[in-house]
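[1] all I have is the shape, not the residue letters:
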């Protein structure tokens, strides 16, 4: 940059700043500012021949006043005029004012763009850099559209100065992050990769930042950067601190560039070229070797730079997960940091070791540090470090150390911070279940968990223990004995009462032979807790009492007396009152045989994915799935302990979500009815869906779509009874969708019912409803003519790979449709995984002897499988930050196509499927939503933010999901609605 002469000191500005600082009060400051503003305004209006120095001085004063928090509504034109000056200081002040004060919607933007174009074409490197900095600082879409094509040319031009290349790379990076669609990919992409070989380290650093961002979206265009990055990294790592003197930071050569290169390499798999891979492995070994060397300086800056490179190196080793020697060495290096005096290093070491624990090559090496990690869990003062220690213990657990780790986590739970107790409870429950060899140990562990942290034991945890006890005959007696002893404690948590009520109601007869746990004693013990419990628990205990009448006839009179008591029969709670009346009548009227049939022992539960693991995944976020599954260890543990043995009767039992609509098979034979407990506990305590109410009417599944006028009653199997037509057309056999197909589809993105298509012959109506990953759709075909349709054949076609993403089962319709008549077709839909293209609906028929054909896009889009999710503002912003990768975000700024009405916008967002979160966004005009897209294969979390600008009649829509294609597709779908 050119030197600033003494004449550029602007004494008038210095005097004004001094006056402001000397003001004794806010009123005096405002008075002085108003006086100066009046003076500047008169100068700008009165003196037409104001020289460049004066303009610069007054513009500087305006800028200072603005930075003090006062509004500036003039002076913009004078700042733009400074851009045409040939003096550096005047041009610099003009660009500074524009970067800070000029709005992207300003009327002056065209003049500013012309001035920037002149400077970019001037070939003066100083002026070019100023212009590039201004583009990057403003970063508006208008500037991006004006210069996105010019900046890449400047970047790869052979005659561009190093400082200009550096500024151009960073400017292009800024524009790409703001509006990726504006940056054209062309021949310059191949040339920009070669900037990694540039002699100027600043250019290389800026180029690495740009390439790292670009390659995440277009990896194939930049794959040649791997060998160049390895070559450059090798030169830096092997160099002495004196070789790169200008870029050495406290004896560490080019630490920022090294970290950026290591992050760039993490965007690609290990190099296939043996020479490049060998050179890279040598680099990584060199970094690990240097970490063992004595420090060259005692200053913290030296250790920070050295450790930054080391941790990024370890991240690359973990990313490749293919070099056992490097993985073990990385683990040993992290083990040394576990006892480091610096808290941040201990935290980072624990976090990295959690990932290493999931590698088959380094798992055993991680386990050697178990004592150190346990000690960290006990003694660390920082709660975040203790949480990482708990995560690492969970990750390193296997059959050999499960009892030790579970014991230590239980011991820590007694004094754990309230913020992480629920997470530790879930982890203990999962580990106890997954690695239990002795089921008595599992029962003891869960009951101990309830005793220590009952308030943090969610329903999923005690539901799961009941499932396992019910399914394992060998542990039922021990569980009944243990829970009976636990209930004798004076202070007993309500969750313990729930577990005790269920287990004793089912298996209390197994311990009834002992006088100390005789039937009257069991009943007295449970009933002594009755008045201390909530309504839900009391309802469960009433179900236990009626079970006792069947198991122990000698308790019948006592229990009937309890049920007959006025406090039950006239209870203010309708649930308790109804149960008491029904159970009393049942015990009085029914014969012994009927009672035994109605109240017989619960059958084994069908095996499902552990709902505890699912809850922990939700708590940790979608990105934590691989770390939580941890399926690479203990192949024998894939069979969840306590599950149903793989007998023919159970091995094919579908999950509840897999057959919610009765798509696959006829309903199973009705099980003997059991009295409903609290939340239908004694019927199905492990349902993944919402808790069912007592069976006084149809279940939610039976009521599903009941308002959509379903067809005449028939078994679910009848939907699949008719084989598909022999000549169903494939995607290649049907014509392209009609021109207005996309427009018709867009009308159904935020609604489920309406007319899909209509012409002079045919009307097609749609009624549909979706739940989780399943849906049912009714298509109504109306013949608008007086002539019968012949060979009427509507068919659903899956283009491309959609067959593997979406399952659609259809019922055939009548081949003739009389004039003026309407026929109905039922479609059962299951989302297998995320999809981008909708299925096609091909309708073929003959009208008056002439063949007619029509192809539409079926209104089934990915947002139909949205499940709204409520969350607090803190949780929303935490999750928003977690989804911060560029690939996870899609953003679109667009003009409003419809009147901007807040209520209409809210209705559309709710129809889109997300939950609207109030009081989250600081701007009350903005809309914030959250939801989860349910598919059979996985769940995709989604957060959205819609920012309307009524003045400009524009919207900015931002979506973040855990899957890149889903983000972009949802953003496109929703943007078309406004």
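    That came through, no problem. None of the values given here were measured: they were computed from a predicted structure. Numbering: from 1, shown residues only.
[2] lowest-confidence helix or strand of this structure?
    For the chain, using mean pLDDT, DSSP states H and E, the weakest element among its helices and strands is helix 700-703, scoring a mean of 37.
[3] near residue 360, how many other residues are there?
    Residues near residue 360, counting by other CB atoms under 10 Å, number 11. No exception for glycine: its C-beta is placed from N, CA and C like everyone else's.
[4] helix, strand, or coil at it?
    Secondary structure for residue 360, judged by DSSP: H, G, I helix; E, B strand; the rest coil, is coil.
[5] residue 89 too?
    Residue 89 is classified as helix under three-state DSSP.
[6] can I assume it is in contact with residue 57?
    No: here residue 89 lies out of contact with residue 57, judged by CB atoms under 8 Å, at a distance of 10.5 Å.
[7] helices or strands next to whichever strand or helix holds residue 281 in the packing?
    Residue 281 belongs to helix 274-292 when assigned by DSSP states H and E. Other elements packing on helix 274-292 under the criterion 3 or more CB pairs under 8 Å, 6 or more residues apart in numbering; DSSP states H and E are helix 225-238, helix 300-320, helix 324-337.
[8] between helix 225-238 and it, find me the angle.
    For helix 274-292 against helix 225-238, the angle by axes from the mean of the first three to the mean of the last three CA atoms, to 10 degrees is 30 degrees.
[9] next, the angle helix 324-337 makes with helix 274-292.
    Interaxial angle, helix 274-292 versus helix 324-337 (the same axes, to 10 degrees): 20 degrees.
[10] list the buried ones in helix 274-292?
    276-277, 279-281, 283-285, 287-288, 291 (16 or more other CB atoms under 10 Å).
[11] cool, stretch 28-38 as well?
    29, 33, 36-37.
[12] could I get these in CSV, plus columns for distance to residue 235, pLDDT and secondary structure?
    Formatted as CSV, the buried residues of stretch 28-38 follow (distance: CB to CB, whole Å; pLDDT from 0 to 100; DSSP: H, G, I helix; E, B strand; the rest coil):
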residue, distance to residue 235, pLDDT, secondary structure
29, 56, 91, helix
33, 55, 91, helix
36, 55, 90, helix
37, 56, 91, helix
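[13] distance to residue 295 for the residues you listed - can I get that in TSV?
    Output for the buried residues of stretch 28-38, formatted as TSV (distance: CB to CB, whole Å):
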residue	distance to residue 295
29	50
33	52
36	54
37	56
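[14] closest to residue 565 among those residues?
    Checking the buried residues of stretch 28-38 against residue 565 with CB to CB, the nearest one is residue 29 at 77.5 Å.
[15] these two touch, right, the closest one and residue 22?
    No: the criterion here is CB under 8 Å, and residue 29 misses it with residue 22 at 9.6 Å.
[16] who's in contact with the helix holding residue 281?
    With contact meaning CB atoms under 8 Å, 6 or more residues apart in numbering, helix 274-292 is reached by 226-227, 230-231, 233-234, 237-238, 265, 270-271, 306, 309-310, 313, 316-317, 323, 326, 329-330, 333.
[17] switch the cut-off to 6 Å
    Applying CB atoms under 6 Å, 6 or more residues apart in numbering, the contact partners of helix 274-292 are 227, 230, 233-234, 237, 271, 310, 313, 326, 329, 333.
[18] can you pull the contacts of residue 749?
    By CB under 6 Å, 6+ apart, the residues touching residue 749 are 861, 973, 977.
[19] so for the nearest residue to it once chain neighbours are set aside, what's the pLDDT?
    Of all residues not flanking residue 749 in the chain, residue 973 sits nearest, at 5.4 Å (CB to CB, 6 or more residues apart in numbering). pLDDT for residue 973: 87.
[20] and residue 973, what element?
    helix 964-975.
[21] quick one: buried residues of that helix?
    Buried residues in helix 964-975, counted by 16+ other CB under 10 Å: 964, 966-971, 973-975.
[22] tell me the spacing between residue 924 and residue 28.
    Separation of residue 924 from residue 28 (CB to CB, to the nearest Å): 36 Å.
[23] let me fix that: residue 43
    Residue 43 sits 23 Å away from residue 28, going by CB to CB.
[24] ranges for the strands of the stretch 751-900 of the chain?
    Secondary structure of the stretch 751-900 of the chain (DSSP state E, counting those that start in this stretch): strands at 754-758, 762-771, 774-783, 789-797, 806-810, 822-831, 840-847, 850-857, 866-868, 889-895.
[25] residue 213 is nearest to which of those?
    Of all those, strand 889-895 sits nearest to residue 213, with 12.3 Å by CB to CB.
[26] and that closest one, average pLDDT?
    Mean per-residue pLDDT for strand 889-895: 87.
[27] mind listing what's buried in the next helix-or-strand element following that strand?
    Counting by DSSP H and E, the next helix or strand C-terminal to strand 889-895 is helix 902-912. Neighbour-count burial for helix 902-912 flags 905, 908-909, 912 (criterion: 16+ other CB under 10 Å).
[28] of those residues, closest to residue 156?
    Closest approach to residue 156 among those (CB to CB): residue 912, at 42.5 Å.
[29] next one: that closest one from residue 879, what distance?
    19 Å.
[30] what of residue 41?
    Distance of residue 41 to residue 879, computed by CB to CB: 49 Å.
[31] who has more neighbours, those two?
    Counting neighbours by other CB under 10 Å for residue 41 and for residue 879 shows that residue 879 has the greater number, 18 against 15.
[32] how close does the more buried one get to residue 444?
    36 Å.
[33] and if you look at residue 905?
    55 Å.
[34] can you check residue 779 too?
    Noted for residue 779: a distance of 56 Å to residue 444, by CB to CB.
[35] then residue 403?
    11 Å.
[36] do the same with residue 347
    Residue 347 sits 33 Å away from residue 444, taking CB to CB as the criterion.
[37] circling back to that earlier point, tell me which of the strands of the stretch 751-900 of the chain sits nearest to residue 430.
    The closest of the strands of the stretch 751-900 of the chain to residue 430 is strand 866-868. By CB to CB, the value is 23.2 Å.
[38] what does the closest one rub up against?
    Contacts with strand 866-868, where a contact means CB under 6 Å, 6+ apart, come from 913-915, 931-934.
[39] just those: which are in strands?
    If you go by DSSP state E, these have 915, 931-934 in strands.
[40] can you tell me which of those residues lies closest to residue 834?
    Minimum distance to residue 834 across those is 6.7 Å, recorded for residue 933 (CB to CB).
[41] which residues does the closest one bridge with?
    Beta bridges link residue 933 to residue 866, residue 940, judged by DSSP bridges.
[42] ok, it - contacts?
    865-866, 940.
[43] again, 10 Å this time
    773, 831, 833-834, 862-867, 913-914, 939-942, 961-963, 966, 970 (CB atoms under 10 Å, 6 or more residues apart in numbering).
[44] which of those are buried?
    Buried among the contacts of residue 933 (16+ other CB under 10 Å): 773, 831, 833-834, 862-867, 913-914, 939-942, 961-963, 966, 970.
[45] next, count neighbours for the residue nearest to residue 936 when sequence neighbours are not counted.
    Take residue 936 and drop its neighbours on the chain: the residue closest to it by CB to CB, 6+ apart is residue 832, 4.8 Å away. Residues lying near residue 832 (other CB under 10 Å) number 15.
[46] now for residue 832: which residues touch it?
    773, 802-807, 935-937.
[47] farthest-separated two in the residues you listed?
    773 and 803 (16.1 Å).
[48] residue 197 against residue 208, yeah?
    No: counting by CB atoms under 10 Å, residue 197 does not reach residue 208; the two are 11.8 Å apart.
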